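S.K.: Predicted structure and sequence below. I'll ask about it afterward.
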Amino acid sequence: MTDWYMLLAAALFTIGAMGILVRRNALVMFMCVELMLNAVNLTLVSAGRALGSLDGQLATFFVLVVAAAEVVIGLAIIVAIFRHRDTASVDELSELKG
Amino acid sequence: MTIDYLALAPEIVIVVTLLGVLSLDLFLPRRKKFWVATLAVAGTALAAVPLIFLAVEGSTRSMFDGSFVVDSFALALKGLLLVGAYIVLLMSVSYIESDRYWQGEYYLMILSSLLGSMVMASGRDLIVLFIGLELTTGPLYLLAGWRKGDIRSNEASLKYFILGVLSTAMMLFGMSLLFGLTGVVGFDELAAVVGDHAAEPAMVLAVLFLFAGFGFKVSAVPFHFWAPDTYEGAPTPVTAYLSVNSKIAGFIAMLVVLYLALPDLADIWAPAVWALSALSMTVANLSALRQRNIVRLLAYSSIAQAGFMLVPFAAAAVADADLAEGFSATIIYIAIYALMNLGAFAVVIAGARATGSGEVDDWAGLGRYNPRLGVLAAVFFLSLAGIPPLAGWFAKFVMFRSVILTGGAGPIALAIIAAVNTVIAFYYYARVVKAVWLDPVPEGAEIPEQRAPAGSLSLALGLTTALTVIIGMFPAIATVFADASQVLTAAGG
């Protein structure tokens, strides 16, 4: 049973990682990161349940809190960029090179 | 469960300071924001008092089922992080004031980040390590974009953020697999059981994910793409913090996990560390050669220095030798790098004001019209290059000594790569010194009026110069970090 959860988590993680690589909208990239973090949560919870250890559930709470904090930071940065350019595409941002 | 408040005292002082900064900022009118800065600087200095007390007393204190340990290794690193943050705060005072930044929040962010890295230095399980690391980097995403009106600062912040959270996700996935395979999160427990799972493919995956996550945090090649852009776009004191404190934090995380929790899996990670070290030195040094902007040059230099730092540890790991020797050489390198790199950034801030530019070519002749700053520029850039009697030579010496003592094909090959890179690095560090002292002042250049740097910046310059020169003359001081890291071995690492 746990194997299936693990496989699902690995699939979610891969989808998230691919999303970051191919999508160019900062908001969508950001959603992909959330997908990856949730894959982590799924792994932690299912492993914790299979092993009968509470550490997995405990770690999940911390991951959730950190993910929430990162949402705030990420949206703040995206809003700051929107004030200059009406776009969230990362390709439009290329002032720094070399 | 009892809580040992004395062991937590340095962190408690920082927490009280950052809450004080937050509330003071609410009540002070705009013109008196200076006091917020004063409080932040004073609080950071005050946190050193319990730290020194604990270090003198010298016992190892362990809390929360061994997941938070205060031993001499943790204390030495916390001391280094405090000194780094103190100097960065000194550099920030006049910089932040002059550009009308959001001062109160700025100091709050720096202090939060410092708190995270200090907690991490004591963390002895994956969860504490992860929380500490995230508290270290979270505020830095915002600080990188602190010049809100400047699109380049926004870009710096977005690039850092996206790659930062991506690396967090990878690191966490590695941790979750590690937990799934073993069922434990404490480093000691992990070290006891990981050997039994060495052959499982999922374990290889877990180690590689963890490793890639840490690679991003320390901006080592091939995970370095964000660093030059972020360093250039961020305000300069923040860049100094990124290249020193945040890098130390990343290194502690990586080294402590590999050394304390996964020593039995060295077969998996040793070649990766070796490659990371060799690539970081070579790629970053070659890229640094064609940089014109001095902050970008320092960005590539700090990536290359990260490669140098890993050399002793990587060499000990590939040779399957005792890791303790390589580990302490790496820690000494990190400590010395921190001091001289902070000095280099303080010079960049003062120099940008003295010349009105951040391009190396525009610094030509700086030594003629501002000899004091010219001397300091020479001190720090030559120290980074590893010229005696400045501190940098000892870092390089310890590095090569450790590798040669280890012996064997892998380590010697790495030593040769490091030696070639030391020469390449000398070229671009020396180019800055040549511009400052040998090149004539460019014709028609408008030299701003020369004023002495602000008191706090002068103090930062003075402290870093003193430390760089004294450690260069009396390198025995730096070996305190080596002695401190021996505790870990004694503790069964």
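M.R.: Done, it's in. Every value quoted in this text rests on a predicted model; they were computed, and no experiment measured them.
S.K.: Quick one: low-confidence residue ranges for chain B.
M.R.: The model of chain B has pLDDT under 70 over residues B:1, B:99-101, B:487-493.
S.K.: the strands in it, which residues?
M.R.: For chain B, the strands defined by DSSP state E occupy B:61-63, B:68-70.
S.K.: For residue A:38, find the nearest of those.
M.R.: For residue A:38, the closest of the strands of chain B is strand B:68-70, at 27.9 Å, according to Cβ to Cβ. In short, each C-beta sits where N, CA and C put it, glycine included.
S.K.: For residue A:17, which residues are in contact?
M.R.: A:32, A:36, B:166 (Cβ atoms under 8 Å, 6 or more residues apart in numbering or on different chains).
S.K.: Next, count neighbours for the last one.
M.R.: Okay, so that is residue B:166. For residue B:166, the count of nearby residues is 23 (other Cβ atoms under 10 Å in any protein chain shown).
S.K.: Would you mind confirming that it makes contact with residue B:216?
M.R.: Yes: if you go by Cβ atoms under 8 Å, residue B:166 and residue B:216 touch, sitting 7.2 Å apart.
S.K.: Could you find the closest non-adjacent residue to residue B:210?
M.R.: Leaving aside its sequence neighbours, residue B:210 sits nearest to residue B:174 (Cβ to Cβ, 6 or more residues apart in numbering or on different chains; 3.4 Å).
S.K.: Residue B:279 now?
M.R.: Excluding the flanking residues, the one nearest residue B:279 by Cβ to Cβ, 6+ apart is residue B:221, at 4.2 Å.
S.K.: And for residue B:469?
M.R.: In space, and not counting its chain neighbours, residue B:469 is closest to residue B:390: 6.6 Å by Cβ to Cβ, 6+ apart.
S.K.: since we're on that neighbour, how many residues are nearby?
M.R.: 25.
S.K.: Next: residue B:268.
M.R.: For residue B:268, the number of neighbouring residues by other Cβ under 10 Å comes to 18.
S.K.: and what of the one 4 residues further on?
M.R.: Neighbourhood size, residue B:272 [other Cβ under 10 Å]: 17.
S.K.: excluding its backbone neighbours, what's nearest it?
M.R.: In this structure, residue B:272 finds its nearest non-sequential neighbour in residue B:211, 5.5 Å apart by Cβ to Cβ, 6+ apart.
S.K.: any idea how far the one you found lies from chain A?
M.R.: Using Cβ to the nearest Cβ, to the nearest Å, residue B:211 is found at 16 Å from chain A.
S.K.: likewise residue B:370?
M.R.: Between residue B:370 and chain A the computed distance is 27 Å (Cβ to the nearest Cβ).
S.K.: Next: residue B:362.
M.R.: Remark: distance between residue B:362 and chain A (Cβ to the nearest Cβ) = 17 Å.
S.K.: Tell me the span between the first and last residue of stretch B:36-56.
M.R.: With Cα to Cα, to the nearest Å as the measure, stretch B:36-56 spans 31 Å from end to end.
S.K.: top helix in chain A by residue count?
M.R.: helix A:55-82 (DSSP state H).
S.K.: Check which residues of that one are buried.
M.R.: Residues of helix A:55-82 classed as buried: A:55-56, A:59-60, A:62-63, A:66-67, A:70, A:73-74, A:76-78, A:80-81 (neighbour count, 16 or more other Cβ atoms under 10 Å in any protein chain shown).
S.K.: what does stretch B:52-63 give?
M.R.: Neighbour counts using 16+ other Cβ under 10 Å place B:54-55, B:61-63 of stretch B:52-63 among the buried residues.
S.K.: Residue A:91: which of those residues is nearest?
M.R.: Lowest distance from residue A:91 to those (Cβ to Cβ) belongs to residue B:63, with 48.3 Å.
S.K.: Quick check, the closest one in contact with residue B:4.
M.R.: Yes: under the criterion of Cβ under 8 Å, residue B:63 makes contact with residue B:4 at 5.7 Å.
S.K.: Can you work out which residues contact both of those two?
M.R.: Common neighbours of residue B:63 and residue B:4 (Cβ under 8 Å, 6+ apart) are residue B:70.
S.K.: buried residues in stretch B:419-431?
M.R.: So, applying 16+ other Cβ under 10 Å, buried residues of stretch B:419-431: B:421-422, B:424-426, B:428-429, B:431.
S.K.: Show me which pair in the buried residues of stretch B:52-63 is furthest apart.
M.R.: Taking Cβ to Cβ as the measure, the buried residues of stretch B:52-63 span a maximum distance of 17.4 Å, between B:55 and B:63.
S.K.: Now do the helices in the stretch 301-450 of chain B.
M.R.: In the stretch 301-450 of chain B, the helices defined using DSSP state H, counting those that start in this stretch lie at B:323-355, B:366-369, B:371-385, B:392-406, B:409-437.
S.K.: Please read the previous query as pertaining to the stretch 1-150 of chain B.
M.R.: For the stretch 1-150 of chain B, applying DSSP H, counting those that start in this stretch gives helices covering B:5-27, B:34-46, B:48-57, B:72-98, B:103-122, B:126-144.
S.K.: would JSON lines of those with distance to chain A be doable?
M.R.: Putting the helices of the stretch 1-150 of chain B into JSON lines (distance: least, Cβ to the nearest Cβ, whole Å) gives the following:
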{"stretch": "helix B:5-27", "distance to chain A": "16"}
{"stretch": "helix B:34-46", "distance to chain A": "21"}
{"stretch": "helix B:48-57", "distance to chain A": "26"}
{"stretch": "helix B:72-98", "distance to chain A": "18"}
{"stretch": "helix B:103-122", "distance to chain A": "11"}
{"stretch": "helix B:126-144", "distance to chain A": "5"}
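S.K.: of all the ones you listed, which lies closest to residue B:478?
M.R.: Going by Cβ to Cβ, the one of these nearest residue B:478 is helix B:72-98, 10.6 Å.
S.K.: And that closest one, what's buried?
M.R.: Neighbour count says helix B:72-98 has B:72-96 buried, by 16+ other Cβ under 10 Å.
S.K.: And stretch B:128-139, by the same measure?
M.R.: For stretch B:128-139, by 16+ other Cβ under 10 Å, it's B:128-139.
S.K.: Check stretch B:328-346 too.
M.R.: Those would be B:328-346, for stretch B:328-346 by 16+ other Cβ under 10 Å.
S.K.: And for stretch B:458-470?
M.R.: B:458-461, B:463-465, B:467-468.
S.K.: Show me those that map onto helices.
M.R.: Those of these lying in helices (DSSP H): B:458-461, B:463-465, B:467-468.
S.K.: Show the contacting residues for residue B:329.
M.R.: Neighbouring residues of residue B:329 by Cβ under 8 Å, 6+ apart: B:312-313, B:398-399, B:401-402, B:482.
S.K.: Out of these, which end up buried?
M.R.: Looks like the contacts of residue B:329 have B:312-313, B:398-399, B:402, B:482 buried, using 16+ other Cβ under 10 Å.
S.K.: one step back: quick one: which of the contacts of residue B:329 is nearest to chain A?
M.R.: Using Cβ to the nearest Cβ, residue B:313 is the member of the contacts of residue B:329 that lies nearest chain A, at 27.3 Å.
S.K.: ok, the closest residue to residue B:302 other than its chain neighbours - contacts?
M.R.: Leaving out its chain neighbours, the residue that sits closest to residue B:302 by Cβ to Cβ, 6+ apart is residue B:243, at 4.4 Å. Applying Cβ under 8 Å, 6+ apart, we find residue B:243 in contact with B:231, B:298-299, B:302, B:341, B:345.
S.K.: quick one: which of these is nearest to residue B:201?
M.R.: Set against residue B:201, the nearest of the contacts of residue B:243 by Cβ to Cβ is residue B:302 (35.0 Å).
S.K.: Surely the closest one is in contact with residue B:250?
M.R.: No: contact criterion Cβ under 8 Å: residue B:302 and residue B:250 do not qualify, at 11.6 Å.
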